[in-house]
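Colleague: no FASTA, just this:
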């Protein structure tokens, strides 16, 4: 009987222990992040990353030695990336930044909520974890939201909206409020992403520049998906199907 060894795929473009992240200059972190992309990065994106790095290096000071930080974490089924994912003790924080935004747009709230739902339902090592989605509008002057789960009570919390100075307080509140064992970062990173996307979802993600290996699990479906990737991509974009039946609300498209 042959044994198939699956190659681990890094789904992030920068990851570090929080302690190491805090000890690096913003320019160093930015350089590592930029170098992880095979194409030119626009100045607006560089500015957004610089703002995020600088703010997080202030916010995460109390959490050195207590977890990891990930930038640009791929959500392959959606063909998008989470701005920042924080793994701190027993909680996964999904952080979406809107640099220069003073409000909390409904579309942005739906976006970070979709990311959390997707990880909870389709990333195997996130199934049993506590997930807290947070929207940070860098020009906002207030926060909104509360630490509350939905009707399923399965460890996924409704989105929190905050200004940068409030992010640290929400992280502290969540860690104080949420029970659970400390997450093993190595085991969490090794989790597979499943199920294999539909043909339409795969075409969307391939169009966004991801590979077949990035979006499919290593099983019987991978062969058919590889063959599908050679086909012509559809001319329009179709919203990926999600798992929003849990909310009892119509699905809102991610930004």
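Modeller: That came through, no problem. Model, not experiment: these values are computed from the prediction.
Colleague: Could you list the low-confidence segments of the stretch 1-150 of the chain?
Modeller: Flagging of the stretch 1-150 of the chain using pLDDT under 70 yields the residue ranges 1-9, 78.
Colleague: What ranges does it have for its strands?
Modeller: Ranges of strands in the stretch 1-150 of the chain, per DSSP state E, counting those that start in this stretch, are 14-17, 67-75, 80-88, 91-98, 130-137.
Colleague: Distance to residue 106 and mean neighbour count for those - can I get that in TSV?
Modeller: The C-beta positions use only the backbone N, C-alpha and C, and glycine is treated the same way. Supplementary listing: those in TSV, determined by distance: least, CB to CB, whole Å; neighbours: other CB atoms under 10 Å:
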stretch	distance to residue 106	mean neighbour count
strand 14-17	29	19
strand 67-75	20	23
strand 80-88	17	22
strand 91-98	12	25
strand 130-137	10	26
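Colleague: TSV for the ones you listed, including distance to residue 169?
Modeller: Below are these laid out as TSV (distance: least, CB to CB, whole Å):
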stretch	distance to residue 169
strand 14-17	23
strand 67-75	17
strand 80-88	14
strand 91-98	13
strand 130-137	11
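Colleague: Out of those strands, flag the one nearest residue 172.
Modeller: Each of those has some distance to residue 172 by CB to CB; the shortest is strand 80-88, at 9.9 Å.
Colleague: And residue 104, how far from residue 192?
Modeller: Distance from residue 104 to residue 192, counting by CB to CB, to the nearest Å: 33 Å.
Colleague: And these two? Which one has more around it.
Modeller: Neighbours per residue, other CB atoms under 10 Å: of residue 104 and residue 192, the larger number sits with residue 104, 21 against 16.
Colleague: Tell me the spacing between that one and residue 70.
Modeller: 23 Å.
Colleague: cool, and residue 183?
Modeller: Taking CB to CB, one finds residue 183 at 13 Å from residue 70.
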